[in-house]
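Colleague: sequence and predicted model, in that order:
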Amino acid sequence: MARTLVIGAAGQLGIEMVLALQAQEGITNVDISDIRVPDNDAVMKSRFLHMDATDEGAVFKTLEEGKYDTVYHLAAMLSATGEKKPIAAWDLNMRSLLNVLEAAKEGWVKRIFWPSSIAVFGPKTTRKSVPQNALLDPTTVYGISKQAGEYWCRYYHEKYGVDVRSVRYPGLIGHRSLPGGGTTDYAVEIYHVANSRKCYTCFLKADTALPMMYMDDAVRGTLELMAAPAEHIRVRTSYNLSAMNFAPSEIAESIRQHMPDFEIEYVPDERQAIALTWPESVSDDAARADWGWKPRILLPEMTHIMLEAIADQSPEVLN
Ligand code: SER
């Protein structure tokens, strides 16, 4: 059986990827690691390895002993937190990636997934339908680390034959885990606040449109990318991936379709400046052509799913 390790299993994406991989590969074939214990009983059914991904010795030991076919390396500090701790963000995001790439170069792991982000784009990038080969112009430390990481991935692929694959995720929205430290986090928080029948104070302005994706699409797309034959993967930096684009006023309106009394106010903070440097939409033609990517869930359906799922959760899950 194929063996898989998820690094960063306690994070927003990590929890969701682990659940999907457990279903696909079998719980005992998925090991998970993080510096904190994932707050999710189902996720914790997999073998948990306490590991600091910036610790070269620990990563090498884990990967050499684990005989993993695939490693999903999802540990990262996101855009907003990264601006508060720039050097720590760079150290975490880069050191951990290089540790995993070096381990793959040694032949200890066959395949790596590593996420990039729309944060690689910036003020000089086209704002709409950003093409695959658009100018990268990151302004945050997070974005700079993702841009550098993309080129490190391609370098290890071309120079050492490492099969590392990547996508540039838009903002990710799901109900099984909470985000932390990102600029797109509002699009998850808003559903939880709507569920508690309170007014949501949005940290972005009403009309700040950004690319977004429902989590199940992101997870499915990632598994499809990893299942594709290597020769189909022609982009070895990172693929643009697109699903929907909306501004806070539009997600609020979609919530009002279910909760007519839902209220939102706008109190932009430092994340507004970050959001303004990112595009409104990206073109994912290359991902569609090379490995058949296609989104399934758009805003109205996502809102329906999110509100139903969150209403069913016990209050402890939300806090
Ligand atoms: N969701 C991320 C952030 O907001 C972008 O990749 O930082």
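Modeller: Here it is on my side, so go on.

Colleague: just the buried residues of stretch 242-261, please?
Modeller: Neighbour-count burial for stretch 242-261, counted by 16 or more other Cβ atoms under 10 Å, picks out Ser242, Ala243, Met244, Asn245, Phe246, Ala247, Pro248, Ser249, Ile251, Ala252, Ser254, Ile255. Bear in mind the C-beta positions are built from the backbone N, C-alpha and C, glycine included.

Colleague: and that stretch, how far from the chain's centre?
Modeller: 21 Å (Cα atoms, centre = their mean, to the nearest Å).

Colleague: among the buried residues of stretch 242-261, which are in helices?
Modeller: The helices, defined by DSSP state H, take in Pro248, Ser249, Ile251, Ala252, Ser254, Ile255 from the buried residues of stretch 242-261.

Colleague: out of these, who's nearest Val167?
Modeller: Ranked by distance to Val167 (Cβ to Cβ), those are led by Ile251 at 22.4 Å.

Colleague: just checking, what packs against whatever helix or strand Glu189 lives in?
Modeller: Taking DSSP states H and E as the definition, Glu189 sits inside helix 186-195. Secondary-structure packing of helix 186-195 (3 or more Cβ pairs under 8 Å, 6 or more residues apart in numbering; DSSP states H and E): strand 171-173, strand 200-202, helix 248-256, helix 299-312.

Colleague: and the third one, average pLDDT?
Modeller: Taken as a whole, helix 248-256 carries a mean pLDDT of 98.

Colleague: Arg168 - how many residues pack around it?
Modeller: 27 (other Cβ atoms under 10 Å).

Colleague: pick out the residue of the stretch 151-300 of the chain closest to the ligand.
Modeller: Gly182 (2.8 Å; Cβ to the nearest ligand atom).

Colleague: what about the strands in the protein?
Modeller: 4-7, 30-34, 47-50, 68-73, 109-113, 116-117, 163-165, 167-169, 171-173, 200-202, 210-214, 239-240, 244-246, 264-266 (DSSP state E).

Colleague: report the angle between the axes of the second one and strand 68-73?
Modeller: This points to strand 30-34. In terms of direction (axes from the mean of the first three to the mean of the last three Cα atoms, to 10 degrees), strand 30-34 departs from strand 68-73 by 30 degrees.

Colleague: okay, and the beta partners of Arg111?
Modeller: Using DSSP bridges, the bridge partners assigned to Arg111 are Thr70, Asp163.

Colleague: contacting residues around it?
Modeller: With contact set as Cβ atoms under 8 Å, 6 or more residues apart in numbering, Arg111 has these partners: Asp69, Thr70, Val71, Asp163, Val164, Arg165, Met226.

Colleague: go on, Met17?
Modeller: Val6, Ala9, Tyr72, Leu74, Val219, Thr222.

Colleague: Arg47 too?
Modeller: Applying Cβ under 8 Å, 6+ apart, we find Arg47 in contact with Thr28, Asp31, Ile32.

Colleague: by neighbours, which of the residues you listed wins?
Modeller: The most crowded member of the contacts of Arg47, judged by other Cβ under 10 Å, is Ile32 (29 neighbours).

Colleague: isn't that residue right next to Leu5, touching?
Modeller: Yes: applying Cβ atoms under 8 Å as the test, Ile32 and Leu5 come out as touching, 7.4 Å apart.
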